[in-house]
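J.: With the sequence up front, the predicted model follows.
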Amino acid sequence: MGRPVYVGFRKGGIFLLNPLGRRMEMVLAGVLLVSVLALCGCAVTLGSRRYNKDPAQSLCLTKACITVANKIEEALDRSADPCQDFYQYACGGWVRKNPLPDGRSRWSTLNSVWNQNQALLKHLLENGTFNSSSEAERKTQFYYLSCLNEQHIEELGATPLINLITKTGGWSITGPWEKDNFMEVLKTVSGTYRAQPFFTVRVSVDPKNSNSNVIQVDQSGLFLPPQDYDHNTANEKAYLDYMVQLGLLLGGDKNSTQSQMQQILDFETALANITVSQDKHCDKKKVYHKITITELQLLAPAVDWLDYLSSVLSPLDLNDTEPVVLYAKEFLQQVSDLINKTDRSLLNNYMIWNLVQKGVSSLDQRFENAQDKLLESLYGTKKSRTPRWQTCIDNTDDTLGFALGALFVKATFDKHSKKIAEGMINEIRTAFKDALDNIKWMDKQTRKAVKDKADTIYNMIGFPDFILDPKELDDVYDGYDVSEDNFFQNTLNFYNFSARVMADHLRKPPNRDQWSMTPPTVNAYYMPTNNGIVFPAGILQAPFYAKDHPKALNFGGIGVVMGHELTHAFGAQGREYDKDGNLRPWWQNSSVNAFKNHTECMVEQYNGYTINGEHINGKQTLEENIADNGGLTAAYNAYQAWVQENGEEKRLPAVNLTNDQLFFVGFAQVWCSVRTPESTHKGFMTDPHSPSKYRVIGALSNSPAFAEHFQCPTGSPMNPGHRCTVW
């Protein structure tokens, strides 16, 4: 951990390092994951003995209630038994009515929220009135327009990237290259242009000293998941075809390009073989090693580390005693050996290949077509070009997202939303803390420490305040040059700018208010090193929350998201950090052991779930499964406390659900989604979240309240009799 933990897939942040990786993520996740209610249709009665029918209870007949009732009803599959498969019951109708769109490997109701945000941002950038005093807002519009200028991009063709390769020292695939300049190329590729061959370097909060930033080095270098680097797999072949196609587009000879790209792929395979698996790598307590540059030099002598880090973090003054935190000590030893025994021409080819991947997303349509073909093979997408304006909105959000967020917030964000969200978070926090008194496996001292940590969780809601101050906003992007007509150069300038910003952080204390998500993002996250939870403006809107929707839906929607993020503070990884964000032991040993016993139950539970004959990795998904289960429980308990204080609210018409049942239906419909088999397979290998179906089934089958309100008999799939609970 040490970096944000998200409720779904990350949509993007201010420092994007791989445009194609970002595009891959969008295709895989459909941009957004925390799903929503987006349904519409006619009312059907239940006619089931399991449901409480109370005609005396008043109905909510407002326009908002009637509309949302119709949406919920259309998403349901009334033919399904909710005690057999609640996901099918809650989402079967939605799945039938939402075939996977062309060009997508995954689609959920949440996509409509981001599409809505995109459309608004398009209008603001193309037709909006800009604050004449804000240079950052003007840069945002210039960047967007440069991305839209396809005519100029087509005219330039591959020339900008070819020139960049030449400037960097050449590439034997496309022409002559300068031999014996390994370090110079490595510094340029990974410093100036933020590509990450061999390993990643970043500046971030020291997990064991949350009051300071530190240089951090980690494993990197793979385009595919490690499991896909197995000769003769379809994905490996598709990747090689893509590599060759790009080489040819950049001027390579067919036979030479094929053989050299195969060598690069073989080198990546060697990297994959020494890469630490995701479930092991996530245990930062075990993989954290703090050493000096001198010690790093002895550990991995193939790189001149002082020279390299001084260049990447220029203009900082570094010396041999500078501390560095490693998260992949054994990997760095092995990658150093691999570099030493590999021919310099292959190392150069591999490093320039990393640079090529950084640049292709800013080039002409031929390169986009090559990417589309690869995505079709890897994720099962039907070839369909995303409208250029949507691609450009995404790129602008990744690059100037806080300036773009200023436009978004001023146009849409309800000034009361922050206060409302703060109130809900506090209600859920109180419910979480109250439930701790009923946890028998935890000793009193640890329970008190957990409550103290819950009390000190820092809420960041909507947007950072600086974005509404033109001077402060301009200061954030000072030094980033943007033109209206050169998209490729704007992209390169951003890589260089983000590198300087990263370096600048090293000699400054961590900023507790620094955001990793932009305001329009439809997602949320927990940051362990500052014990903070973040809810951007993009998620604080209907259908996650609406002031005229029943509280049952609000708590089942944004409430569960809030509970999910809060629970991350006490997950298998999150609990390792104390209330000040430091990675250290702060629990009594008896509670640590009891916690691990309870989580083992959850690992085994999710190990038993399958899709297309493939099992979920319960260990890989444990952190998110704990958060899903704990978030559901905390939000439900908070809703019950609200009802106790305010009384029962009116029921929705036609759906014939009690409000308690509505809470669980609303929660489940957050995760309605469709997905290609290829994308599902990729998720099993790389995603820390369980597939949507089992985020619903797993959490609800552990909930006694769910079984009670849907009257599921003991032994039924949704009430198996044996429950796995942590929080």
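T.: Arrived safely, thanks for sending.

J.: where exactly do the strands run in the stretch 201-350 of the chain?
T.: Secondary structure of the stretch 201-350 of the chain, counting by DSSP state E, counting those that start in this stretch: strands at 209-219, 289-292, 323-326.

J.: Is Thr386 in a helix, a strand, or coil?
T.: For Thr386, the secondary-structure state derived from DSSP: H, G, I helix; E, B strand; the rest coil is coil.

J.: residues contacting it?
T.: Counting by C-beta atoms under 8 Å, 6 or more residues apart in numbering, Thr386 makes contact with Gly103. To be clear about C-beta, it is placed using only N, CA and C from the backbone, and glycine gets the same treatment.

J.: Ok, Arg202 next?
T.: Contact criterion C-beta under 8 Å, 6+ apart gives Ile215, Gln216, Asp218, Met502 as the residues in contact with Arg202.

J.: nearest to Gln620, of the strands of the stretch 201-350 of the chain?
T.: Nearest of the strands of the stretch 201-350 of the chain to Gln620, taken as C-beta to C-beta: strand 209-219 at 16.5 Å.

J.: Pull out the buried positions in the closest one.
T.: Asn209, Ser210, Asn213, Val214, Ile215, Gln216, Val217, Asp218, Gln219 (16 or more other C-beta atoms under 10 Å).

J.: for the residues you listed, which one is nearest Glu268?
T.: Of all the buried residues of strand 209-219, Gln219 has the smallest distance to Glu268: 12.6 Å, by C-beta to C-beta.

J.: okay, that closest one: pLDDT?
T.: Note on Gln219: pLDDT of 94.

J.: What pLDDT is listed against the nearest residue to it once chain neighbours are set aside?
T.: In this structure, Gln219 finds its nearest non-sequential neighbour in Ala328, 4.0 Å apart by C-beta to C-beta, 6 or more residues apart in numbering. Looking at Ala328, its pLDDT is 91.

J.: quick one: contacts for Ala328?
T.: Applying C-beta under 8 Å, 6+ apart to Ala328 gives the contacts Phe199, Val217, Asp218, Gln219, Val276, His281, Val287.

J.: Tabulate these (CSV), appending distance to Ser483.
T.: Formatted as CSV, the entries for the contacts of Ala328 read as follows, by distance: C-beta to C-beta, whole Å:
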residue, distance to Ser483
Phe199, 33
Val217, 34
Asp218, 34
Gln219, 36
Val276, 42
His281, 40
Val287, 42
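
J.: about what we covered before: any idea how far Thr275 is from the residue nearest to Gln219?
T.: 8 Å (C-beta to C-beta, to the nearest Å).

J.: what ranges do the helices span in the stretch 451-600 of the chain?
T.: In order along the chain, the stretch 451-600 of the chain carries the following helices (DSSP state H, counting those that start in this stretch): 470-476, 487-505, 551-554, 560-568, 589-607.

J.: ranges for the helices of the stretch 101-250 of the chain?
T.: Taking DSSP H, counting those that start in this stretch to define them, one finds helices in the stretch 101-250 of the chain at 110-127, 135-148, 150-156, 159-168, 182-187, 234-249.

J.: Can you say which of the ones you listed is nearest to Gly532?
T.: Minimum separation from Gly532 across the helices of the stretch 101-250 of the chain (C-beta to C-beta) falls at helix 110-127, 23.0 Å.

J.: how far does the closest one sit from the chain's center?
T.: 20 Å (C-alpha atoms, centre = their mean, to the nearest Å).

J.: May I see the buried residues of it?
T.: Of the residues in helix 110-127, those buried under the neighbour-count criterion (16+ other C-beta under 10 Å) are 110-118, 120-122, 124-125.

J.: pLDDT at the closest residue to Gly157 other than its chain neighbours, what is it?
T.: In space, and not counting its chain neighbours, Gly157 is closest to Asp364: 5.3 Å by C-beta to C-beta, 6+ apart. Taken from the predicted model, the pLDDT recorded for Asp364 is 95.

J.: Any stretches of the stretch 1-150 of the chain with poor pLDDT?
T.: Residues of the stretch 1-150 of the chain that meet the criterion pLDDT under 70 lie in 1-57, 131.

J.: again, only this time at 80
T.: In the predicted model, the stretch 1-150 of the chain carries pLDDT under 80 at residues 1-57, 103, 112, 128-133.

J.: Mind jotting down where the strands sit in it?
T.: Listed in chain order (using DSSP E, counting those that start in this stretch), the strands of the stretch 1-150 of the chain are 5-6, 106-108.

J.: And the pLDDT for Leu313?
T.: Model confidence at Leu313, expressed as pLDDT, equals 95.

J.: show me the contacts for it.
T.: Each residue near Leu313 by C-beta under 8 Å, 6+ apart is listed here: Val201, Val203, Ile215, Met502, Ala503, Leu506.

J.: repeat that for 7 Å
T.: Ala503, Leu506 (C-beta atoms under 7 Å, 6 or more residues apart in numbering).

J.: What about it? Give its phi and psi, please.
T.: phi -110, psi 20 (degrees, to the nearest 10).

J.: And it, how close does it get to Val185?
T.: Between Leu313 and Val185 the computed distance is 18 Å (C-beta to C-beta).

J.: you'd agree Pro519 is up against Leu407?
T.: No. Counting by C-beta atoms under 7 Å, no contact exists between Pro519 and Leu407, whose distance comes to 9.3 Å.

J.: how about the helices of the stretch 101-250 of the chain in TSV, adding distance to Lys596?
T.: As requested, the helices of the stretch 101-250 of the chain are exported to TSV (distance: least, C-beta to C-beta, whole Å):
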stretch	distance to Lys596
helix 110-127	33
helix 135-148	48
helix 150-156	54
helix 159-168	49
helix 182-187	41
helix 234-249	35
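
J.: Quick one, which of the ones you listed gets closest to Ile352.
T.: Comparison of the helices of the stretch 101-250 of the chain against Ile352 by C-beta to C-beta identifies helix 159-168 as nearest, at 6.0 Å.

J.: by contact count, what packs against that closest one?
T.: When contacts are defined as 3 or more C-beta pairs under 7 Å, 6 or more residues apart in numbering; DSSP states H and E, helix 159-168 packs onto helix 344-359.

J.: let's see it at 10 Å
T.: Helix 159-168 sits against helix 234-249, helix 344-359, helix 487-505, with contacts defined as 3 or more C-beta pairs under 10 Å, 6 or more residues apart in numbering; DSSP states H and E.

J.: chain center to the last one, what's the gap?
T.: Spelled out, that is helix 487-505. What separates the centre of helix 487-505 from the centre of its chain is 22 Å, taken as C-alpha atoms, centre = their mean.

J.: So which bits of that helix are buried?
T.: Residues of helix 487-505 classed as buried: 487-499, 501-503, 505 (neighbour count, 16+ other C-beta under 10 Å).

J.: If anything else comes up later, I'll come back, but that's it for now.
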